[in-house]
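Chemist: Build me a structure from this.
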Amino acid sequence: MKYIITLLLVLFSFSGFSQTPYQKGMQKGLDLWKAEKPTDAVNLFERIATAEPNEWLPSYYVSYITIIDCFREKDEAKLKAQMDKAQQFLNDAKMINKEEVELLILNALWHTVWVAHDGTTYGMKYGGKIAGMYQEALALEPNNPRVILNKAEWDIGGAKFFGQPIEPYCNQIQKSIDLFKDYQPRKEFYPSGGAERAKDLLKENCN
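Modeler: Numbering: from 1, shown residues only. Alright, predicted model coming up:
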């Protein structure tokens, strides 16, 4: 028993020391976000992005968390400042990884914030762009559950706005839920969330 305990302690210590500063920082940033401390998480991801100029994920999370928070912002000046920041880090991430579908989804979300903020001003301006981004993402990765989910949510919003039925998109939400069950992130810290959002969306709109 003493040998087993000693071995476990050694293995635990080794696993802790084997993490790189990048890995430790990324995990802490995600933990802060899950603890509903988005400002602290964004600040940490910004520092990681500066220290790791060849990694696109820190800039992705700065942009993503900022964009999600912007859906709740009502003040125009504050919204613009935050959205400019989100765009800057999104651009930084795209410079590192131009072919990443998750950045295409994020770009669509960035434009969606403006439509949600002022549909009269930005609906016609950005609606076609957003739809085009999701079509492009779907063509690149037709079985990516986040592509399917985000496209379905955008389509539902449009259908509600124009008084059209939303039932055709319920199957797409269910498809994303099914795909999430077997989804494996492409790499460490790669975006993996969305399953709970899909279930909520299905419950809100399709039951």
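Chemist: only C-alpha atoms for contact and neighbour calcs from this point on.
Modeler: Will do.
Chemist: contacting residues for the residue nearest to the spatial centre of the chain?
Modeler: By CA atoms, centre = their mean, the chain has its centre lying nearest to residue 64, at 5.3 Å. Contact partners of residue 64, counting by CA atoms under 8 Å, 6 or more residues apart in numbering, are 86, 106.
Chemist: and it, what element?
Modeler: Per DSSP states H and E: residue 64 is located in helix 57-70.
Chemist: quick one: average pLDDT of that helix?
Modeler: The pLDDT scores in helix 57-70 average 98.
Chemist: How about exporting that helix as PDB, limited to the C-alpha atoms?
Modeler: Extracted in PDB, the C-alpha atoms of helix 57-70 (Å, rounded to 0.1, in the frame of the first residue of the first chain):
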ATOM      1  CA  LEU A  57      -6.500  29.900 -29.500                       C
ATOM      2  CA  PRO A  58      -5.700  32.600 -26.900                       C
ATOM      3  CA  SER A  59      -6.800  35.300 -29.300                       C
ATOM      4  CA  TYR A  60      -9.800  33.200 -30.200                       C
ATOM      5  CA  TYR A  61     -11.000  33.100 -26.600                       C
ATOM      6  CA  VAL A  62     -10.400  36.800 -26.100                       C
ATOM      7  CA  SER A  63     -12.600  37.500 -29.100                       C
ATOM      8  CA  TYR A  64     -15.200  34.800 -28.300                       C
ATOM      9  CA  ILE A  65     -15.800  35.800 -24.600                       C
ATOM     10  CA  THR A  66     -15.900  39.400 -25.500                       C
ATOM     11  CA  ILE A  67     -18.400  38.800 -28.300                       C
ATOM     12  CA  ILE A  68     -20.700  36.700 -26.000                       C
ATOM     13  CA  ASP A  69     -20.700  39.500 -23.400                       C
ATOM     14  CA  CYS A  70     -21.500  42.000 -26.100                       C
END
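Chemist: Domain map for the protein?
Modeler: Annotated domains of the chain cover 1-98, 119-207 [automatic domain parsing].
Chemist: Dump the ones you listed to JSON lines, plus distance to residue 108.
Modeler: Putting the domains of the chain into JSON lines (distance: least, CA to CA, whole Å) gives the following:
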{"stretch": "domain 1-98", "distance to residue 108": "11"}
{"stretch": "domain 119-207", "distance to residue 108": "5"}
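Chemist: of all these, which lies closest to residue 110?
Modeler: domain 1-98 (6.2 Å; CA to CA).
Chemist: I'd like the next helix or strand past the worst-scoring helix or strand of the chain on mean pLDDT.
Modeler: Across the helices and strands of the chain, mean confidence by mean pLDDT, DSSP states H and E is lowest for helix 2-18: a mean of 44. Remark: after helix 2-18, the chain's next helix or strand is helix 21-34, criterion DSSP H and E.
Chemist: got the buried residues for that next one?
Modeler: 25, 26, 28, 29, 30, 32, 33 (16 or more other CA atoms under 10 Å).
Chemist: try stretch 59-73
Modeler: Going by neighbour count (16+ other CA under 10 Å), the buried part of stretch 59-73 is 59-68, 70-71, 73.
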